[in-house]
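Novice: Next input, structure requested:
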Amino acid sequence: MWNDWQPGYGTKPIHQGTVPRLLTWGVDDFDAALDAPSWNAIAKPRYRAVYGRADHDDSGPHPGSSSPATP
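Specialist: Reported below is the predicted structural model:
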């Protein structure tokens, strides 16, 4: 998602402001992963958690379940 951001869209929201940020994504979620230049441009403090064997659909409860996704 962030790597597809076009210059005509303006500044990426994740590059605006200086509030602490926690960004998460799965190793199999290529649209959400940040490349090094995008990550380095985020103001500090910044944190990331990259989950193995996870993709976009693993970020919430599984259909038909009231419990959150498990790692």
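
Novice: Could you list the single helix or strand in this structure with the lowest mean pLDDT?
Specialist: Ranking every helix and strand in the chain by mean pLDDT, DSSP states H and E puts strand 21-26 at the bottom, with a mean of 83.

Novice: Now the element after that strand, going C-ward?
Specialist: Remark: after strand 21-26, the chain's next helix or strand is helix 36-40, criterion DSSP states H and E.

Novice: which is the next helix or strand following that next one?
Specialist: Next in sequence after helix 36-40, counting helices and strands by DSSP H and E, comes strand 46-51.

Novice: What residues are bridge-paired with residue 51?
Specialist: Bridge pairing for residue 51 (DSSP bridges) gives the partners residue 26.

Novice: per-residue pLDDT, it?
Specialist: Looking at residue 51, its pLDDT stands at 79.

Novice: distance of it from residue 34?
Specialist: Relative to residue 34, residue 51 is positioned 14 Å away (CB to CB, to the nearest Å). Yep, even glycine has a C-beta here, placed from its N, CA and C like the rest.

Novice: Tell me which of the two has more neighbours.
Specialist: Between residue 51 and residue 34, counting by other CB atoms under 10 Å, residue 34 is the more crowded of the two (19 against 16).

Novice: Touching, the more buried one and residue 23? I think so.
Specialist: Yes. The pair residue 34 / residue 23 is scored as a contact, 6.9 Å apart, by CB atoms under 8 Å.

Novice: Find residues that contact each of those two.
Specialist: residue 48 (CB atoms under 8 Å, 6 or more residues apart in numbering).
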